[in-house]
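**Q** Build me a model from this:
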Amino acid sequence: MSYEVIVEECDGVLRVQVSGDRAVGSTSRNAESMFRKISIASKETGLHRILVISKITGSLSTMSVFETAASLGEYGIELGWRIALVNLDYPSRMQLEFGMTVAVNRGTGIKMFDTEKEAMEWLTS
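**A** Residues are numbered from 1 along each chain as shown. This is a model prediction of the structure:
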């Protein structure tokens, strides 16, 4: 099952709400689809400060996290963009922090936050 992705413009930021379940075997494919949708919306709107509110639940494999984070450029995410992730699935936090490290080491401007307010402050600073 694919993730539901809702994209809207909000105060000069591209706001993306994502929900769904990380089904075994489809996590990487769903993440790729989500990041491609974000990339297209960012290029269409010219907004490169992106707030992602993730309500995705379920387990993650370390390899899936690594592959997704290492492939953001291939999915259309460009260097110089800022992506703030608010992860509402606390059990996946440690694995997603690993993904953040992988992405940052490849030049992606991405950071995880506990609240939307903190994320917006970072994006608009």
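**Q** Residue 6 touches residue 14, doesn't it?
**A** No - with contact defined as C-beta atoms under 8 Å, residue 6 does not reach residue 14; the gap is 11.3 Å. (Glycine included, C-beta is placed from N, CA and C.)
**Q** Between these two, point out the one with more neighbours.
**A** The residue with more neighbours, out of residue 6 and residue 14, is residue 14; 23 against 11, by other C-beta atoms under 10 Å.
**Q** Report the beta-bridge partners for residue 83.
**A** Beta-bridge partners for residue 83, by DSSP bridges, are residue 50, residue 110.
**Q** residues contacting it?
**A** Applying C-beta atoms under 8 Å, 6 or more residues apart in numbering to residue 83 gives the contacts 50, 52, 77, 108-111.
**Q** wait, which of these is closest to residue 95?
**A** The nearest member of the contacts of residue 83 to residue 95, counting by C-beta to C-beta, is residue 110 at 14.5 Å.
**Q** How many neighbouring residues does the closest one have?
**A** Using other C-beta under 10 Å, residue 110 is surrounded by 22 other residues.
**Q** Ok, residue 65 next?
**A** 24.
**Q** Please name the nearest non-neighbouring residue to it.
**A** Nearest non-adjacent residue to residue 65, counting by C-beta to C-beta, 6 or more residues apart in numbering: residue 99, 4.3 Å away.
**Q** what's the answer for residue 92, then?
**A** residue 60 (5.5 Å).
**Q** can you pull out the strands in the chain?
**A** Assigned by DSSP state E, the strands in the chain fall at 4-10, 13-21, 49-57, 82-87, 109-113.
**Q** nearest to residue 40, of these?
**A** strand 4-10 (8.9 Å).
**Q** Show me what counts as buried in that closest one.
**A** Neighbour-count burial for strand 4-10 flags 5, 7 (criterion: 16 or more other C-beta atoms under 10 Å).
**Q** Kindly report the same for stretch 69-87.
**A** Quick answer for stretch 69-87 (16+ other C-beta under 10 Å): 69, 71-72, 75-77, 81-87.
**Q** now those in CSV, with pLDDT and distance to residue 22?
**A** Below are these laid out as CSV (pLDDT from 0 to 100; distance: C-beta to C-beta, whole Å):
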residue, pLDDT, distance to residue 22
69, 97, 15
71, 97, 17
72, 97, 18
75, 97, 17
76, 97, 21
77, 98, 20
81, 97, 24
82, 98, 25
83, 98, 19
84, 98, 21
85, 98, 15
86, 98, 17
87, 97, 12
